[in-house]
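A.B. asks: return atomic coordinates for the entry below.
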Amino acid sequence: MSKSLKIIFGIFYLIILFIFLYIIFTSIEVSRLDDFSYYKEIQSKLDAYVSANIIINIIYFFVFSIIWVALLGFGSPILLISGILFGQLLGTLVSVISISIGALILYTIGNFFFSEFVKKILQKKFDRYIELFQKNEFYYFFIYRFVGGLGVPFGLQNLIPILFGMKRLNYFLASFFGFIPSFFITNTIGAGLNSYIEQAETFSMVDLIFTPGIYVPILSFAILMIISLIIKKKYFDYANK
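C.D. replies: Numbers count the residues shown, from 1 in each chain. Below is the predicted model of the structure:
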């Protein structure tokens, strides 16, 4: 494909991204974000809507998540929403599969249209890790996903394999299995948040924090972060030396 055609497709992609984000954020009543009753209304409507046809709504969410991630959207909001809508286990399953697919699509698009740009902005920062990934791309990218992408924003995490030309199947599988622990914990927090909003009459930060559906996964997340730091030090920090 010619360079000019790639530029046209790239611009078209960016236009879709901005339109999509505009639609999402204009649908939120910003003036009511500090009103707890607003969240109770949303929770009640969502619960009724999802329960009315769970399969169709899973498909809607699945497609939405793929598009969101493919358009450089953040991963955390999707995980919390999937936990709120579908609960701990089903939410984890749906989000892991959909986000893995969305990340793969973003990687494919980025590798085809923006590979030179990605290498320009990321090559210098991650050059020390490229040789490491090339030794065993699946193994080290799985660890990379497990430790949260070394603190790199989620959208950029999905593009880093462009630097070492990772195989798509390895990319998908390493992402899928690497995502599971943190995605499960975040979906659990989403499910706990949904339960709290449904049952509480007024908002209390103390009550929220000490709700079992919230503090248990938060503690689990803290443990996961400690494990991730140990793994990061063992597998990645030596690459800086």
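A.B. asks: top helix in this protein by residue count?
C.D. replies: helix 168-199 (DSSP state H).
A.B. asks: by contact count, what packs against it?
C.D. replies: helix 36-52, helix 75-86, helix 88-113, helix 137-146, helix 205-209, helix 212-235 (3 or more Cβ pairs under 8 Å, 6 or more residues apart in numbering; DSSP states H and E). C-beta: built from backbone N, CA, C; applies to glycine.
A.B. asks: export these as CSV, with columns for mean pLDDT.
C.D. replies: Converted to CSV, these look like this (pLDDT from 0 to 100):
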stretch, mean pLDDT
helix 36-52, 80
helix 75-86, 89
helix 88-113, 92
helix 137-146, 89
helix 205-209, 80
helix 212-235, 83
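A.B. asks: now, of these, which is deepest in the fold?
C.D. replies: helix 75-86 (a mean of 23; mean count of other Cβ atoms under 10 Å).
A.B. asks: picking that back up, among the helices and strands packed on helix 168-199, which is nearest Ser182?
C.D. replies: Closest to Ser182 of those is helix 212-235 (Cβ to Cβ; 6.3 Å).
A.B. asks: what angle do that closest one and helix 75-86 make?
C.D. replies: 140 degrees (axes from the mean of the first three to the mean of the last three Cα atoms, to 10 degrees).
A.B. asks: can you give me the angle helix 212-235 makes with helix 88-113?
C.D. replies: Using the same axes, to 10 degrees, helix 212-235 lies at 40 degrees relative to helix 88-113.
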